[in-house]
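Participant: this is the structure alone, sequence omitted:
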């Protein structure tokens, strides 16, 4: 009769270390991807907030159609600050006269906010018409 011995072999220390190194490398890649995603989400949220502030301020300033010169600034929650400038548009061709007393103006709003690595800035410019006050 033949006796079969069962040899119980475990993993060697080298195999365990190799598996641990592979697991560590995989986890570091996953964590790096997660950190990048969170950072990109914050940057996108800040830009969205800046666009919302710019749109709100431009709409508020557009209600004042009497002044061809307007310069205002302020701040919002979260460290956002804004500057609004309305000035007569210098590129207007004097040969093209309007039949109504309107003056073309250039409106610029700039939003600035703190961000890692320095301040970020977003600027919008649009053309508009205001009443010409002689």
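Facilitator: Thanks, I have it. Source: prediction; values computed, not measured.

Participant: quick test: name the residue nearest the centre of the chain.
Facilitator: residue 47 (1.9 Å; CA atoms, centre = their mean).

Participant: quick one, phi psi at that residue?
Facilitator: phi -60, psi -40 (degrees, to the nearest 10).

Participant: which residues touch it?
Facilitator: The neighbours of residue 47, taking CB atoms under 8 Å, 6 or more residues apart in numbering as the test, are 120, 122. The way it works is simple: take the backbone N, C-alpha and C, and place the C-beta from them, glycine included.

Participant: what about the helices in the chain?
Facilitator: Ranges of helices in the chain, per DSSP state H, are 13-62.

Participant: give me the low-pLDDT residue ranges for this structure?
Facilitator: Residue ranges of the chain with pLDDT under 70: 1-8, 91-100, 132-134.

Participant: list the buried ones in stretch 56-73?
Facilitator: Neighbour counts using 16 or more other CB atoms under 10 Å place 57, 58, 61, 68 of stretch 56-73 among the buried residues.

Participant: which non-adjacent residue is nearest the second one?
Facilitator: When you say that, I think you mean residue 58. residue 109 (5.7 Å; CB to CB, 6 or more residues apart in numbering).

Participant: which strand residues bridge that neighbour?
Facilitator: residue 84, residue 124 (DSSP bridges).

Participant: measure it to residue 62 for me?
Facilitator: 11 Å (CB to CB, to the nearest Å).
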